[in-house]
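1. here is the input, now give the coordinates:
(chains A and B)
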Amino acid sequence: MNEDSLREALRVMAGETMPRPGSADAVSSLAARRARRRRAVAGVAIAAFVLGAAGLLRVGRESSVRTVPAGPVEGVTIVAATTGGAVRVVDVGTRRIARTLVEEGATGGVALSPDGATVYYYDDVPGCGNGTIFSVPADGSAPPTRIAEGARPAVSPDATRLAYWTRQAGDTGCDLSVVVRVLATGTEQRWTHGNGYFRRGPIRYLDWSPDGRSVAFGTEGLASRGDGRIVPFGDEYVSVLDTTRSGTLEEAARPPQFVDHDLSDNGRLPFRSWRPTGGLVTVRSSTAVEQDRSKPIPSYSEKPSSVVVLVDPDTGAEDAVFRVAAYLGSVEYDASGRWVLFVDSERRLRLRDAAGTIRSLGSGYLEAVW
Amino acid sequence: MSADEAVADLYARMYPSLLGTARLLLDDTGHAEEIVQEAFIRLRLAWWRIRDPNRASGYLHTTVANLARTGVRRRAMARVRDPQHARGNRADTPAAEETAVLNDEHRLVAEALRRLPRRQRECIVLRYYLDFSEAEIARALGVSAGSVKTHTHRGLAALGVRLEGLA
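-> Reported below is the predicted structural model:
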């Protein structure tokens, strides 16, 4: 087969179908309806907030979930990726969407530069392919720019480097690499797995240490079910990569010293992020099964529960912070180390403030960052 | 020209090629028209940012490719989660074969195209159906020109290997 015959084959396969009469008008009316719906949803969120603040609307069953006056959250914004791949800037105080930076493409997640000026996002690709990492100004002043093929971007605390990971088909299956790029020059350093345990991949979460020397990353652990909910799956492993070292990933990265180190149980810890004020943010999940005997045929229901635990990377000392009645996806602390953004298994984006109050910022989210 | 008029003009000009692209990228035909319609709806919603028909063309091709990719991935996940259910819902023939009368050679090409990895398939379709340059493909897919070259080369090699024996 030559190129011309391939072209011919594709043209025949694609067909030549003209649009149906009136379908162009349908585009305009459907777009207008969707825009109206978005404004209505934002209006309902505001109304719910107002009514909740007036005590007229219950916002949740958990006793710690309540609305509070805007107060100290006024003007605070976060960046969030939706399950549909959109990237939004959300006002925490009003829970309104301040702007949508991209409509699609962030099906993997988001990251934010320390100065809050640049958003990074990427799409998620199953198997051994790579997603694509893009950057876009947080003020929406320019279109997205392609950065790299890979996933899980994270900007160093000094804003000079971008860490991410890639995978590529290799002789032994899917090869895993962690990459650190100097943003100003584009030069990269790469650590690729050798013959050790990092082959198990993929990396679920990746984050810089507060001193900018190390990158912690967690592998495996979570899966999305058919209905989009997050459930724990398999074992989760964390390792800390010393970016001042070279060599293979096994040579430069280690599970934290306090974790048992053997080939079958390396660094097992459900890692999510590195708190800016110190501590590995981890999640311990459990599932209770309750039986309902009131019916002729007993039924069973799952009762998930998760505890967010801060772990000292050097000593392993643990500090259980709070519990929620759900599985948890992303968990992100703000710069003060006291406010927490998290997404639960129902894809609800929630915020826990310094006083321990948890409020909902909306549903249909993948993850969010400060 | 108003936004609605601009989008309608693009719709009239680009609909056939975008629908053909979607058909070539998807495994089943039912979604091709939905995807193209969705791409234009998103264009209309984003028109305040785009405004330029040349940029709109790139936006539409990128959106169709992304939506086709998402659709393929969702159906692949459905097959992983529930193979029995997914088998019942899967179309019996690939999208491109449903509305075209294909000879045997074209049928083999269609089968081989369906087996290509996603990126290779996208590069082949954009290169040989839409006659995009490497740079245009790179922009549409958000990858480097080097990646486009690699994926295209591998896709052609894979098509050539699978179609061994044909002229």
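
2. who touches whichever residue of chain B sits closest to chain A in this structure?
-> Per CB to the nearest CB, B:Gly20 is where chain B lies closest to chain A, at 2.9 Å. Placement of C-beta: from N, CA and C, glycine included. Shown in contact with B:Gly20 (CB atoms under 8 Å, 6 or more residues apart in numbering or on different chains): A:11, A:14-17, B:129.

3. could you do A:Pro114 as well?
-> Counting by CB under 8 Å, 6+ apart, A:Pro114 makes contact with A:155, A:157-159.

4. mind checking what helix or strand follows the host helix or strand of B:Leu10 in sequence?
-> For B:Leu10, the enclosing helix or strand under DSSP states H and E is helix B:3-25. As assigned by DSSP H and E, the chain's next helix or strand after helix B:3-25 is helix B:30-50.

5. which strands and helices sit next to that following helix?
-> For helix B:30-50, the packing partners by 3 or more CB pairs under 8 Å, 6 or more residues apart in numbering or on different chains; DSSP states H and E come out as helix A:23-53, helix B:3-25, helix B:53-81.

6. alpha carbons of the second one, as CSV, please.
-> Pointing back at helix B:3-25 there. Extracted in CSV, the C-alpha atoms of helix B:3-25 (Å, rounded to 0.1, in the frame of the first residue of the first chain):
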residue,chain,number,x,y,z
ALA,B,3,-20.7,34.8,17.0
ASP,B,4,-23.6,32.7,15.9
GLU,B,5,-23.1,33.6,12.3
ALA,B,6,-19.3,32.9,12.5
VAL,B,7,-19.9,29.5,14.1
ALA,B,8,-22.7,28.6,11.6
ASP,B,9,-20.3,29.5,8.8
LEU,B,10,-17.6,27.2,10.3
TYR,B,11,-20.2,24.5,10.8
ALA,B,12,-21.2,24.5,7.1
ARG,B,13,-17.6,24.5,5.9
MET,B,14,-16.0,22.1,8.4
TYR,B,15,-18.8,19.6,9.4
PRO,B,16,-18.1,17.0,6.7
SER,B,17,-14.4,16.8,7.4
LEU,B,18,-14.8,16.8,11.2
LEU,B,19,-17.5,14.1,11.0
GLY,B,20,-15.2,12.0,8.8
THR,B,21,-12.4,12.5,11.3
ALA,B,22,-14.6,11.4,14.2
ARG,B,23,-15.7,8.4,12.3
LEU,B,24,-12.1,7.4,11.6
LEU,B,25,-11.1,7.9,15.2
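
7. which residues of chain B score low on pLDDT?
-> B:27-30, B:71-102, B:161-167 (pLDDT under 70).

8. could you rerun that using 90?
-> B:1-9, B:12-13, B:23, B:25-39, B:41-119, B:130-148, B:153, B:157-167 (pLDDT under 90).

9. how about the nearest residue to A:Pro153, chain neighbours excluded?
-> Nearest residue to A:Pro153, sequence neighbours excluded (CB to CB, 6 or more residues apart in numbering or on different chains): A:Tyr120, at 4.1 Å.

10. helices or strands up against whatever helix or strand that neighbour lives in?
-> Under the criterion of DSSP H and E, A:Tyr120 resides in strand A:118-122. Applying 3+ CB pairs under 8 Å, 6+ apart, one finds that strand A:118-122 contacts strand A:109-112, strand A:132-137, strand A:151-155.

11. direction included, what does the shortest one pair up with?
-> Sheet pairing for strand A:109-112, assigned by DSSP bridges, gives strand A:118-122 (antiparallel).

12. and the strand it pairs with, how far out from the chain middle?
-> Offset of strand A:118-122 from its chain centre (CA atoms, centre = their mean, to the nearest Å): 11 Å.

13. and what of stretch A:317-327?
-> Computed by CA atoms, centre = their mean, the chain-centroid distance of stretch A:317-327 equals 18 Å.

14. which positions in that stretch come out as buried?
-> Within stretch A:317-327, the residues scored as buried using 16 or more other CB atoms under 10 Å in any protein chain shown are A:318, A:321, A:324, A:326-327.

15. go on, stretch A:205-217?
-> Residues of stretch A:205-217 classed as buried: A:205-210, A:214-217 (neighbour count, 16+ other CB under 10 Å).

16. same check on stretch B:54-72?
-> By 16+ other CB under 10 Å, the buried positions in stretch B:54-72 come out as B:56-72.

17. so which of those also contact chain A?
-> B:63, B:66-67, B:70 (CB under 8 Å from any CB of the partner chain).

18. which stretch of helix or strand covers B:Ala157?
-> According to DSSP H and E, B:Ala157 maps onto helix B:145-162.

19. after the one helix or strand A:Val238 maps to comes which helix or strand?
-> Assigned by DSSP H and E, A:Val238 belongs to strand A:230-242. Per DSSP H and E, the first helix or strand lying C-terminal to strand A:230-242 is helix A:249-252.

20. quick check: mean pLDDT across that following helix?
-> Helix A:249-252 carries an average pLDDT of 80.

21. next one: stretch A:90-106
-> For stretch A:90-106, mean pLDDT rounds to 84.

22. same question, stretch A:355-363
-> 86.

23. what residues of it count as buried?
-> A:358-362.

24. surely B:Asn66 is in contact with A:Glu103?
-> No: using CB atoms under 8 Å, B:Asn66 makes no contact with A:Glu103, being 9.8 Å away.

25. need the residues touching each of these two.
-> Joint contacts of B:Asn66 and A:Glu103 (CB under 8 Å, 6+ apart) are A:Gly85.

26. next up, the contacts around B:Glu38.
-> Residues near B:Glu38 by CB under 8 Å, 6+ apart: B:63, B:67.

27. once you drop chain neighbours, what's closest to the one residue in the stretch 251-370 of chain A that gets nearest to chain B?
-> In the stretch 251-370 of chain A, the residue that lies nearest chain B is A:Leu366 (13.5 Å; CB to the nearest CB). Of all residues not flanking A:Leu366 in the chain, A:Ala81 sits nearest, at 4.3 Å (CB to CB, 6+ apart).

28. list the beta-bridge partners for the one you found.
-> Bridge pairing for A:Ala81 - DSSP bridges - gives A:Val87, A:Glu367.

29. burial of the residue lying closest to B:Phe132 once chain neighbours are set aside, as a residue count?
-> Using CB to CB, 6+ apart and skipping the chain neighbours, the partner closest in space to B:Phe132 is B:Leu126 (4.4 Å). Neighbours of B:Leu126 under the rule other CB atoms under 10 Å in any protein chain shown: 25.

30. B:Ala138 is in contact with B:Leu126, correct?
-> No: taking CB under 8 Å as the definition, B:Leu126 is not a contact partner of B:Ala138, at 9.8 Å.

31. need the overlap of contacts for these two.
-> Both B:Leu126 and B:Ala138 lack any common contact, where contact means CB under 8 Å, 6+ apart.

32. before we move on, the earlier item: which members of the buried residues of stretch A:355-363 additionally contact chain B?
-> Within those, nothing lies near chain B by CB under 8 Å from any CB.

33. what would these look like in TSV with secondary structure?
-> Formatted as TSV, the buried residues of stretch A:355-363 follow (DSSP: H, G, I helix; E, B strand; the rest coil):
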residue	secondary structure
A:Ile358	strand
A:Arg359	strand
A:Ser360	strand
A:Leu361	strand
A:Gly362	strand
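
34. what two of those residues are the furthest from one another?
-> Spanning the widest gap among the buried residues of stretch A:355-363 are A:Ile358 and A:Gly362, at 13.7 Å by CB to CB.

35. just to revisit the earlier point, most neighbours of all the contacts of B:Gly20, which one?
-> That'd be A:Ala14 among the contacts of B:Gly20, by other CB under 10 Å, with 24 neighbours.

36. any idea how far B:Leu130 is from that one?
-> 10 Å (CB to CB, to the nearest Å).

37. tell me the residues that contact both of these two, please.
-> Common neighbours of A:Ala14 and B:Leu130 (CB under 8 Å, 6+ apart) are B:Thr21.
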